[in-house]
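S.K.: Kindly return the folded structure for what I paste below:
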Amino acid sequence: MYTNLKLIGVMKIEIWSDIMCPFCYIGKRRLEKALESFEYRDQIVIEWKSFLLNPGMKTDPSKNSLAYLSEVKGWSMEQTKQITEQVVAMAAAEGLDYDMENTVVANAYQAHRLLHFAKSHGFGSPMKERLLRAYFTEGLNIDDTETLINLASEVGLEKVEVKACLDSDAFLKEVNEDVQEAQQLGVRGVPFFVLDRKYGISGAQQDEVFQQTIAKAFAGYQASMGISFLDSDGQACDVEGHNC
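M.R.: Predicted coordinates:
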């Protein structure tokens with residue numbers, strides 16, 4: 001019987017998401033749960049991509065997301081609370097504690113630039129997690145420079161370097177390129193997951209969808225490498241000249 005070799009190399013999962021999107025945090029947790037049970041987890045890498053649901057949003061620390069949604073959707077506050085309570089319950093089922101009444105309406109451009117800075121230093125995933133928790137659970141302003149510097153420091157980045165980044169327009173180009181790429185791919189909502197540039201998952205799907213799509217994508221990834229091996233090794237010479 002033949003089995004696929006655990007090949008050296010990795011399959012990439014790219015994720016377009018916005019820090020202020022409640023379904024993006026939920027989708028992140030569901031993906032992580034699916035990967036936990038996947039045999040070849042160590043051969044998969046995650047790359048976070050930027051998506052801005054409202055690039056022109058004005059930061060207003062006096063307003064929470066409930067007030068914002070009520071305003072832009074034309075919903076009553078009672079209706080808004082009922083709808084968001086459903087989302088809060090979904091988040092709770094994934095072990096997430098959403099405090100929507102204490103969220104701060106904020107432009108996410110700075111936070112996305114910070115995420116790209118973190119990615120460039122190998123801290124993309126922990127930075128993404130920290131930003132999401134800061135927004136949805138802790139009620140922090142993700143457009144406040146000092147707040148972002150402290151959050152970045154918590155995941156292991158140097159405060160001086162982070163401040164220099166945020167005080168400039170560094171990584172603005174990369175954020176905009178992510179947004180443009182999403183448009184080219186036809187992404188109209190987030191989260192959006194692209195596996196090995198062959199399979200897409202739109203939205204915070206159930207665990208089973210992630211599990212099945214990851215397995216299918218990875219099988220295709222291995223097949224594209226074109227190598228299968230027998231379960232056991234036969235006699236052979238090795239490159240060090242042993243066994244000959």
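S.K.: on contacts alone, who are the packing partners of the longest helix seen in the chain?
M.R.: Longest helix in the chain, counting residues (DSSP state H): helix 207-225. Applying 3 or more Cβ pairs under 8 Å, 6 or more residues apart in numbering; DSSP states H and E, we find helix 207-225 packed against strand 2-4, strand 11-17, helix 22-36, strand 192-195, strand 199-202. C-beta here means a position set from N, CA and C on the backbone, and glycine is covered the same way.
S.K.: Report the separation between residue 99 and residue 151.
M.R.: Counting by Cβ to Cβ, to the nearest Å, the separation of residue 99 from residue 151 is 17 Å.
S.K.: my bad, residue 27
M.R.: In this view, residue 27 and residue 151 are 21 Å apart by Cβ to Cβ.
S.K.: same check, this time on residue 63
M.R.: Look at residue 63 and residue 151: by Cβ to Cβ, they are 21 Å apart.
S.K.: Settle it for me: which of the two has more neighbours?
M.R.: residue 151 (23 against 16; other Cβ atoms under 10 Å).
S.K.: so who does residue 171 touch?
M.R.: Shown in contact with residue 171 (Cβ atoms under 8 Å, 6 or more residues apart in numbering): 112-114, 116-117, 120, 165.
S.K.: circling back to that earlier point, output the helices and strands packed on helix 207-225 in TSV; the columns should cover mean pLDDT and mean neighbour count.
M.R.: Conversion of those to TSV gives the following (pLDDT from 0 to 100; neighbours: other Cβ atoms under 10 Å):
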stretch	mean pLDDT	mean neighbour count
strand 2-4	35	11
strand 11-17	97	21
helix 22-36	98	20
strand 192-195	98	23
strand 199-202	96	16
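S.K.: closest to residue 175 out of these?
M.R.: Checking the helices and strands packed on helix 207-225 against residue 175 by Cβ to Cβ gives strand 11-17 as the closest, at 11.5 Å.
S.K.: partner strands of that closest one, parallel or antiparallel?
M.R.: Strand partners for strand 11-17, identified by DSSP bridges, are recorded as strand 44-50 (parallel), strand 192-195 (antiparallel).
S.K.: Show me the contact partners of stretch 46-65.
M.R.: Outside stretch 46-65, the residues that touch it by Cβ under 8 Å, 6+ apart are 12-18, 20-21, 84, 100-109, 112, 115-116, 119, 124-125, 128, 141, 143, 174-175, 178-179, 181-182, 187, 190, 192.
S.K.: So which of those residues belong to helices?
M.R.: 84, 109, 112, 115-116, 119, 124-125, 128, 174-175, 178-179, 181-182.
S.K.: okay, among those, which ones form the most distant pair?
M.R.: Once Cβ to Cβ is applied, the ones in helices among the contacts of stretch 46-65 give 84 and 174 as the farthest pair, at 31.4 Å.
S.K.: one step back: now the contacts of stretch 46-65: which count as buried?
M.R.: 13-18, 20-21, 84, 100, 103-109, 112, 115-116, 119, 124-125, 128, 141, 143, 174-175, 178-179, 181-182, 187, 190, 192 (16 or more other Cβ atoms under 10 Å).
S.K.: Is residue 14 in contact with residue 193, as I believe?
M.R.: Yes. With contact defined as Cβ atoms under 8 Å, residue 14 counts as touching residue 193 (7.3 Å).
S.K.: before we move on, the earlier item: make JSON lines out of the strands paired with strand 11-17 and add distance to residue 137.
M.R.: JSON lines is the format used below for these (distance: least, Cβ to Cβ, whole Å):
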{"stretch": "strand 44-50", "distance to residue 137": "19"}
{"stretch": "strand 192-195", "distance to residue 137": "23"}
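S.K.: ok, back up a step: quick one, the longest helix of the chain and helix 22-36 angle?
M.R.: Between the axes of helix 207-225 and helix 22-36, defined by axes from the mean of the first three to the mean of the last three Cα atoms, to 10 degrees, the angle is 60 degrees.
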